[in-house]
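1. Structure for this input, please:
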Amino acid sequence: MIHPAFSKTNRVSPARVVAVLVCAPLVCAPPLARCQAVCPSLPSSTELRSTLQSVVKEGSSKNGGMGNQEWAVIVNRKGIGCAVVFSGNTASDEWPASRVIAASKANTANGVSNNDYAISTANLYAASQPGGSLFGLITSGPPNPQAAFGDPSSFGTSNDPMIGKLVGGTVVFGGGLALYNRQGKIVGGLGVSGDTSCTDHIIAWKIRHMLHLDTVAMGPSSDHNDNMILDFKNGNSASGFGHPDCKGGTDPSYIIHSLSQKFPTGSGKI
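-> Down below sits the predicted model:
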């Protein structure tokens, strides 16, 4: 079929012809194609969902918390949405608010980490409280409304509005981790939400490890990575990177303390 710009009865300027040739493919590109173009080295939605489901199925005895279904989001190094998935049978099986929260966690962890030092969203809690050095951080970058909202039936699918867009958002509690390839290069962020923030952190940690994207060079925890630090006492964090214990469901604190040993960072480095 001849494009209207080239018909004999619809003569246009050369500049408009060029515009049609250049812009049409970008406008028509489906979300999946955009994702493959901007996230070539990151897990697909299928891989992320199967990994999320396998971890969630371990239940509260292995993950702590309430044993809820979860959302998970991956962004690339530029903060563009690459995969948005949920663990249940439908998107209504999870807390609806957790889709945007998971994306904001992924964006935050990616945004404050680099090749030399990883900072999880859990590591930001203490400093972002009143009187802390990062107080006000949570207001620094709201979610992108064009990515956060849209047709609810597309949420968690390859047509999710977040795919191919900057997701934005800032979160300062557990569940967000930076992603590192086996050469130790940061390649994006992962966010998990849907249960207590401590359980979200545990599930994100296991997912990152299973995806071989945890070659962390250094971090603020005593194990020199970005694990959650449970050192709050009388409202203060001894390290300055601490996170409070999480109430509700099974106590996850003993799981958090053993994460670095059971799922060590950097074990897949080449």
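
2. Show me the helices in the stretch 51-200 of the chain, by range?
-> Listed in chain order, the helices of the stretch 51-200 of the chain (DSSP state H, counting those that start in this stretch) span 60-63, 98-111, 145-148, 197-210.

3. which of those helices sits most buried?
-> helix 98-111 (a mean of 29; mean count of other C-beta atoms under 10 Å). No exception for glycine: its C-beta is placed from N, CA and C like everyone else's.

4. what angle separates it from helix 197-210?
-> On the basis of axes from the mean of the first three to the mean of the last three C-alpha atoms, to 10 degrees, helix 98-111 is oriented at 60 degrees to helix 197-210.

5. Centre of the chain to helix 98-111, how far?
-> Counting by C-alpha atoms, centre = their mean, to the nearest Å, helix 98-111 is centred 5 Å from the centre of its parent chain.

6. now the helices of the stretch 51-200 of the chain as JSON lines including distance to I119 and mean pLDDT?
-> Formatted as JSON lines, the helices of the stretch 51-200 of the chain follow (distance: least, C-beta to C-beta, whole Å; pLDDT from 0 to 100):
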{"stretch": "helix 60-63", "distance to I119": "22", "mean pLDDT": "97"}
{"stretch": "helix 98-111", "distance to I119": "7", "mean pLDDT": "98"}
{"stretch": "helix 145-148", "distance to I119": "23", "mean pLDDT": "97"}
{"stretch": "helix 197-210", "distance to I119": "13", "mean pLDDT": "98"}
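
7. Any chance of those in a markdown table with distance to A72 as columns?
-> Below are the helices of the stretch 51-200 of the chain laid out as a markdown table (distance: least, C-beta to C-beta, whole Å):
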| stretch | distance to A72 |
| --- | --- |
| helix 60-63 | 13 |
| helix 98-111 | 6 |
| helix 145-148 | 16 |
| helix 197-210 | 7 |
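
8. and V85, how far is that from N110?
-> 17 Å (C-beta to C-beta, to the nearest Å).

9. And the helices of the stretch 51-200 of the chain: which comes nearest S128?
-> Evaluated over the helices of the stretch 51-200 of the chain, closeness to S128 peaks at helix 98-111, with 10.4 Å, by C-beta to C-beta.

10. And the closest one, what does it pack against?
-> strand 71-76, strand 81-86, helix 145-148, strand 176-180, strand 186-193 (3 or more C-beta pairs under 8 Å, 6 or more residues apart in numbering; DSSP states H and E).

11. Now tabulate these in TSV and tack on distance to K62.
-> Putting these into TSV (distance: least, C-beta to C-beta, whole Å) gives the following:
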stretch	distance to K62
strand 71-76	17
strand 81-86	19
helix 145-148	31
strand 176-180	18
strand 186-193	15
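
12. Could you say which one of these comes nearest to L52?
-> With respect to L52, and counting by C-beta to C-beta, the nearest of the helices and strands packed on helix 98-111 is strand 71-76 at 4.7 Å.

13. Tell me the gap between that closest one and the middle of its chain.
-> On C-alpha atoms, centre = their mean, the centre of strand 71-76 falls 4 Å from that of its chain.

14. any idea of the angle that strand forms with strand 81-86?
-> Interaxial angle, strand 71-76 versus strand 81-86 (the same axes, to 10 degrees): 170 degrees.

15. Neighbouring strands - and their directions - for strand 71-76?
-> In the sheet, strand 71-76 lines up against strand 81-86 (antiparallel), strand 186-193 (antiparallel) (DSSP bridges).

16. Below-threshold pLDDT in the stretch 1-150 of the chain: ranges please.
-> For the stretch 1-150 of the chain, the stretches with pLDDT under 70 are 1-37.

17. tally of neighbours for F173?
-> Look at F173: counted by other C-beta atoms under 10 Å, it has 25 neighbours.

18. wait, it sits on M228?
-> No. In this structure, F173 is not within contact of M228 by C-beta atoms under 8 Å, at 9.6 Å.

19. Between these two, which contacts overlap?
-> Residues within reach of F173 and of M228 at once, by C-beta atoms under 8 Å, 6 or more residues apart in numbering, are 122, 243.
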